[in-house]
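Novice: pasting the structure only:
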Ligand code: IPM
Ligand code: MG
């Protein structure tokens, strides 16, 4: 059996710095756990634009289709703000999601006990929080046609289209129900069935898939605006939330902030199984490229490191090793190590991006002792 393959796309801003720390973790698993990956690296986003005049080169796209998993850092930066829409760094990311057909985007929001005071909400509201947002990632208003800006009479009109087929909805619903069975066995589906036909269909199809295939899972439905309200009021009522592309974009940022720092949260984007049984997959931190702090050793590498942990779990069937990595992250946090984004109420020991990565490697070493 060849080694499993990883394509690393560090991207822009803090992407390369946080990915350098992930490389340390990957190397550790190779050296100490015999989990050797065949790693290649390429460009995406502004970095690809600078080199090739496109945010994603066709060769990179082809490579992403071949590997067992893609790890992406972040894309974007002010330098690219004036580029034509089709050349913007974000288009590279959206092309990867679409062409790899990564329809299920898993965004966990977990509140580490040692960080519960960082939330803008009260400790008792967020401590111990562990929810999973499953965001549909390849359809909806992000990709629907018609779209564009045209002129009608003497004014411009901007158009985007929310479009969902039954099969789009059914497959992401299945992902949510499958996950729920391995967690708290509860799914809440969010849409705007009171306003949108696509929301009516969403609700019907999620219910049908439930009744036919997952009657053992507890299912509820909520309008997405009420869902946002409930997420800030009492987030612990939720286990798995399944929702469309745009609502998922908003609700996952909201859920992320409940936990105190965007620098902590990983994500997995999964598609259909490949010939080897592994799902098509891309893993990336939820945070962006943070150009304002890039290159200063201030970035928190934890979101990207936990994204690799999700890769161990969802692509490589290494749940125990993913648990080991998650525990190493918890350990350094409870030891008080803090990157700049985490310097807050409890003081803590300020560390650079690189020192945080080293500390997690040391905690992994300690886990073997
Ligand atoms: C996200 C981001 C992206 C999105 C952007 C960068 C295109 O906000 O992954 O949540 O809107 O999906
Ligand atoms: Mg977003």
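Specialist: It's in. Quantities reported herein were computed from a predicted structural model and do not represent experimental measurements. Ligands and ions are numbered 1, 2, ... in the order given.
Novice: is it fair to say residue 7 lies in a strand?
Specialist: Yes: secondary structure of residue 7, determined by DSSP: H, G, I helix; E, B strand; the rest coil: located in a strand.
Novice: Please verify my assumption that it contacts residue 42.
Specialist: Yes: because the distance of 6.4 Å satisfies CB atoms under 8 Å, residue 7 is recorded as touching residue 42. Yep, even glycine has a C-beta here, placed from its N, CA and C like the rest.
Novice: Show me how the chain divides into domains.
Specialist: Under the assignment automatic domain parsing, the domains of the chain span 1-108+266-369, 130-258.
Novice: Could you check what's spatially nearest to the residue positioned nearest the centre of the chain, not counting adjacent residues?
Specialist: In the chain, the C-alpha nearest the mean C-alpha coordinate belongs to residue 267, at 2.3 Å (CA atoms, centre = their mean). Closest residue in space to residue 267, ignoring its immediate chain neighbours: residue 107 at 4.8 Å, by CB to CB, 6 or more residues apart in numbering.
Novice: Let me know the secondary structure of the one you found.
Specialist: Residue 107 falls in the strand class when you classify it by three-state DSSP.
Novice: and residue 189, that one's in a strand?
Specialist: Yes: following the definition three-state DSSP, residue 189 is counted among the residues of a strand.
Novice: and the gap between the closest residue to it other than its chain neighbours and residue 73?
Specialist: Of all residues beyond its chain neighbours, the one nearest residue 189 is residue 206 (4.5 Å), with distances taken as CB to CB, 6+ apart. Summarising the geometry, the distance separating residue 206 from residue 73, computed by CB to CB, to the nearest Å, is 33 Å.
Novice: and the closest residue to residue 347 other than its chain neighbours, what is it in contact with?
Specialist: Closest residue to residue 347 in three dimensions, ignoring its sequence neighbours and counting by CB to CB, 6+ apart: residue 336, at 7.7 Å. Residue 336 sits next to 114, 346, 347, 348, 349 when contact means CB atoms under 8 Å, 6 or more residues apart in numbering.
Novice: dump the residue contacts of the last one.
Specialist: Applying CB under 8 Å, 6+ apart to residue 349 gives the contacts 335, 336, 337, 338.
Novice: Which one of those is nearest to residue 314?
Specialist: The shortest approach to residue 314 among the contacts of residue 349 belongs to residue 337, at 26.8 Å (CB to CB).
Novice: what sits opposite that closest one in the beta ladder?
Specialist: Each beta-bridge partner of residue 337 is listed here, defined by DSSP bridges: residue 349.
Novice: Neighbours of it, how many?
Specialist: Using other CB atoms under 10 Å, residue 337 has 20 neighbouring residues.
Novice: thinking again about what came up before, export the contacts of residue 336 as a markdown table, with columns for distance to residue 197.
Specialist: Putting the contacts of residue 336 into a markdown table (distance: CB to CB, whole Å) gives the following:
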| residue | distance to residue 197 |
| --- | --- |
| 114 | 46 |
| 346 | 49 |
| 347 | 53 |
| 348 | 50 |
| 349 | 54 |
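Novice: List the beta-bridge partners for the closest residue to residue 248 other than its chain neighbours.
Specialist: Once its chain neighbours are removed from consideration, residue 248 has its nearest residue in residue 135; the separation is 2.6 Å (CB to CB, 6+ apart). Judged by DSSP bridges, the bridge partners of residue 135 are residue 105, residue 243.
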